[in-house]
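Q: This is a predicted model, with the sequence first.
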Number of protein chains: 2
Amino acid sequence: MCQLLGMSCATPTDITFSFTGFAARGGQTDHHADGFGVAFFENKACRLFIDNAPSCRSPVAELIKRYPIKSKNVIAHIRKATQGSIELENCHPFMRELWGRHWIFAHNGDLKDYSPTLDGQYRPVGGTDSEAAFCQILQGLRRRFGYEAPSNAQLFDAVESLTRELTHYGVFNFLISNGRVLFAHCSTNLHYIVRKWPFNKAHLLDADMTVDFSQTNRQGDCVAVIATKPLTDNETWTRLDAGQLIMFENGLAARQTVIPIPEAVQRKNAENLACA
Amino acid sequence: MCQLLGMSCATPTDITFSFTGFAARGGQTDHHADGFGVAFFENKACRLFIDNAPSCRSPVAELIKRYPIKSKNVIAHIRKATQGSIELENCHPFMRELWGRHWIFAHNGDLKDYSPTLDGQYRPVGGTDSEAAFCQILQGLRRRFGYEAPSNAQLFDAVESLTRELTHYGVFNFLISNGRVLFAHCSTNLHYIVRKWPFNKAHLLDADMTVDFSQTNRQGDCVAVIATKPLTDNETWTRLDAGQLIMFENGLAARQTVIPIPEAVQRKNAENLACA
């Protein structure tokens, strides 16, 4: 299966520490070596880095580990292909524009017999079920709200409803963000931690690296890190329930709900933790 | 003013040589230091790197100079801001999806009193006239052809017609590509060179660097490089006429025409070579 990494913060924060551990899983400490990607929102702008080289040795990943890009919303993905070939066009995250903002999406899962009816406003460039699902979500949002962006509360309800439709097709762990809020949905496997004042030391699971966040962060800073598996071995991560959808804003879980996963899908999900 | 760099090739080619000279103009040999960007098509995928640091010293530019990404269509831009602040969201090139393909656009110029009516399918994220023009072009293409991609001949006619509308607003040198073809339009300043068998040596104007392309390229390779100002001092570059629109495909000028620039605009263009 693939792995997801997300970050939501109150103040622009660099993700070099978490990304260093995460990138090691792309071919070094784990086998997610079929490409990777990471997207950083900086105000309304978004930088998207993708590479079909394994993240443990990609020059692009090296840059990201060394270049502290400050962002309030980050989504990253390392890929172990199940659907779609190992092509750059199939690397997550995917990016589109809606309501004058960039949207970023990454998926860990496997949607079976899934071929959505897309009206053409958003079309996948690559061959993954994941990018098709992203297009379906954006199409659904546009149909619901037309050309004016909704409030975050309205957006949450719409994402919940669109996610509910998609969970019928299989494993659908995903992260999606418009640079203001970041949604995390768990079908099978997703964890998070919120770091805030007083900050502590953290030690990576996948590399012998420790950071003392009390030296780098201040009162008022608040950072939520979301990852398929915990990234550190000395902190307590919260496992999301199956079906849980959380909307993070400024580093905090602003809204959340649980979308029941159909029983037939639950059984399949337990057997099959793959990723497109 | 800003500067543009484009490349269209018969076979995937790296742009490290041309980009090295071009990037030096972003704060070292010239003053285009308000951010830069470069987009590489790799089959249907597109990698877009942007940075608001000057290209002469940006770590992202360093990566691109050292990481030979092979691409058949590349668009790069170094910015000297006139409209829109020095924010990352205003860095060219801009990217959107149309007909299941990424589209990339970069502009050198200045559109005056320009506020297009955008129906919302494509909306600018930043504050430049350039991104608004890109949205207007894509909206125009979608209106003309609906949800099915046209042939390259039909596309050429449509881009010509949409460009004709936009040249009324001022300086509109631009590059646009969907990864298959690359359009170059000249209002005031754009040059190109086609390198093919037998290849020769080339020496940069902005750095003491020489490459012997006969050692790196083979028969059948064909590379068009398009740039605001010639990048080498030992080759003959062709200056595009004012109003000239060329569609490059596989390194060759596949179609071209000249769109007359209104006289009033010509006079203004001569005075004003700025860039958003």
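A: Great, that's in hand. Numbering: from 1, shown residues only, chains lettered A, B, ... in the order given.
Q: From residue B:140, how far off is residue A:33?
A: 42 Å (Cβ to Cβ, to the nearest Å). Bear in mind the C-beta positions are built from the backbone N, C-alpha and C, glycine included.
Q: of these two, who's got more company?
A: residue A:33 (22 against 19; other Cβ atoms under 10 Å in any protein chain shown).
Q: give the contact list for the more buried one.
A: A:26, A:27, A:54, A:55, A:56, A:78, A:80 (Cβ atoms under 8 Å, 6 or more residues apart in numbering or on different chains).
Q: what about the first one, how many neighbours?
A: Right, the one you point to is residue A:26. Residue A:26 has 29 nearby residues by other Cβ under 10 Å.
Q: Could you tell me which residues make contact with it?
A: A:32, A:33, A:36, A:54, A:55, A:56, A:58, A:61, A:78.
Q: Look up how far chain B lies from the second one.
A: In this structure, residue A:33 and chain B are separated by 18 Å, where distance is defined by Cβ to the nearest Cβ, to the nearest Å.
Q: That residue and residue B:10, how far apart?
A: The separation that residue A:33 has from residue B:10, given Cβ to Cβ, amounts to 31 Å.
Q: mind checking the longest helix of chain A?
A: In chain A, taking DSSP state H as the definition, the longest helix is helix A:129-145.
Q: buried stuff in that one?
A: A:129-142, A:145 (16 or more other Cβ atoms under 10 Å in any protein chain shown).
Q: Show me which pair in those is furthest apart.
A: Farthest-apart pair in the buried residues of helix A:129-145 is A:129 and A:145; separation 24.8 Å (Cβ to Cβ).
Q: coming back round to it: okay if I get the contacts of residue A:26 as TSV plus secondary structure and pLDDT?
A: Below are those laid out as TSV (DSSP: H, G, I helix; E, B strand; the rest coil; pLDDT from 0 to 100):
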residue	secondary structure	pLDDT
A:32	coil	87
A:33	coil	86
A:36	strand	94
A:54	coil	92
A:55	coil	92
A:56	coil	91
A:58	coil	92
A:61	helix	93
A:78	strand	95
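Q: surely residue A:68 meets residue A:14?
A: Yes. Residue A:68 is within contact range of residue A:14, at 3.7 Å (criterion: Cβ atoms under 8 Å).
Q: Which one of those two is surrounded by more residues?
A: Neighbours per residue, other Cβ under 10 Å: of residue A:68 and residue A:14, the larger number sits with residue A:14, 18 against 12.
Q: And the more buried one, how far from residue A:40?
A: Taken as Cβ to Cβ, the span from residue A:14 to residue A:40 is 9 Å.
Q: And the pLDDT for the spatially most distant residue from the centre of chain A?
A: Taking Cα atoms, centre = their mean as the measure, the residue most remote from the mean C-alpha position of chain A is residue A:215, 27.2 Å away. Note for residue A:215: predicted pLDDT of 92.
Q: List the buried residues of the helix or strand harbouring it.
A: Following DSSP states H and E, one finds residue A:215 within helix A:213-216. Buried residues in helix A:213-216, counting neighbours by 16+ other Cβ under 10 Å, are found at residue A:213.
Q: how about residue A:210, what does it touch?
A: A:201, A:202, A:203, A:204.
Q: ok, the last one touching residue A:232?
A: Okay, so that is residue A:204. Yes. Under the criterion of Cβ under 8 Å, residue A:204 is in contact with residue A:232, at a separation of 6.0 Å.
Q: Common neighbours of those two, please.
A: By Cβ under 8 Å, 6+ apart, the residues touching both residue A:204 and residue A:232 are residue A:21.
Q: Please say which of the two ends up with more neighbours.
A: residue A:232 (23 against 20).
Q: any idea how far the more buried one is from chain B?
A: With Cβ to the nearest Cβ as the criterion, residue A:232 and chain B are 26 Å apart.
Q: phi, psi of that residue?
A: phi -120, psi 160 (degrees, to the nearest 10).
Q: Could I get the contacting residues of the spatially closest residue to it that is not a sequence neighbour?
A: Distances taken as Cβ to Cβ, 6 or more residues apart in numbering or on different chains place residue A:202 nearest to residue A:232, at 4.6 Å, with adjacent residues excluded. Shown in contact with residue A:202 (Cβ under 8 Å, 6+ apart): A:17, A:195, A:210, A:211, A:213, A:232, A:234, A:235.
Q: Residue A:202 sits in which helix or strand?
A: Counting by DSSP H and E, residue A:202 is found in strand A:201-203.
Q: That strand - which strands sit beside it in the sheet, and in what orientation?
A: strand A:210-212 (antiparallel) (DSSP bridges).
Q: so how far is stretch A:28-46 off the chain centroid?
A: 9 Å (Cα atoms, centre = their mean, to the nearest Å).
Q: Quick check: residues of the stretch 51-200 of chain A near chain B?
A: With Cβ under 8 Å from any Cβ of the partner chain as the criterion, the stretch 51-200 of chain A comes near chain B at residues A:51, A:59-60, A:63, A:66-67, A:87-89, A:91, A:95-97, A:99-102, A:119-126, A:146-147.
Q: circling back: run through who's touching the helix holding residue A:215.
A: Taking Cβ under 8 Å, 6+ apart as the rule, helix A:213-216 contacts A:195, A:198, A:199, A:200, A:201, A:202.
Q: between whatever helix or strand residue A:50 lives in and strand B:45-51, how big is the angle?
A: Assigned by DSSP H and E, residue A:50 belongs to strand A:45-51. Angle, strand A:45-51 to strand B:45-51, by axes from the mean of the first three to the mean of the last three Cα atoms, to 10 degrees: 130 degrees.
Q: so how far is strand A:45-51 from its chain's centroid?
A: For strand A:45-51 - counting by Cα atoms, centre = their mean - the centre lies 13 Å from the chain centre.
Q: Any regions of the stretch 51-200 of chain A where pLDDT drops low?
A: A:82-85 (pLDDT under 70).
Q: Can you show me the strands along it?
A: A:71-78, A:94-98, A:101-111, A:170-177, A:182-185, A:191-196 (DSSP state E, counting those that start in this stretch).
Q: Just the angle for the second one relative to strand A:170-177, thanks.
A: Okay, so that is strand A:94-98. 60 degrees.
Q: Give me the sheet partners of strand A:94-98 and which way each runs.
A: strand A:101-111 (antiparallel).
Q: ditto for the last one
A: Strand A:191-196 sits in its sheet next to strand A:222-227 (antiparallel), strand A:238-239 (antiparallel), going by DSSP bridges.
Q: Just want the angle from whichever helix or strand comes after the shortest one to strand A:170-177.
A: If you walk from strand A:238-239 toward the C-terminus, the next helix or strand you reach (DSSP H and E) is strand A:244-249. Here strand A:244-249 runs at 10 degrees with respect to strand A:170-177, directions being taken by the same axes, to 10 degrees.
Q: so what does strand A:244-249 touch, helix or strand wise?
A: Under the contact criterion of 3 or more Cβ pairs under 8 Å, 6 or more residues apart in numbering or on different chains; DSSP states H and E, strand A:244-249 touches strand A:3-13, helix A:152-166, strand A:182-185, strand A:252-258.
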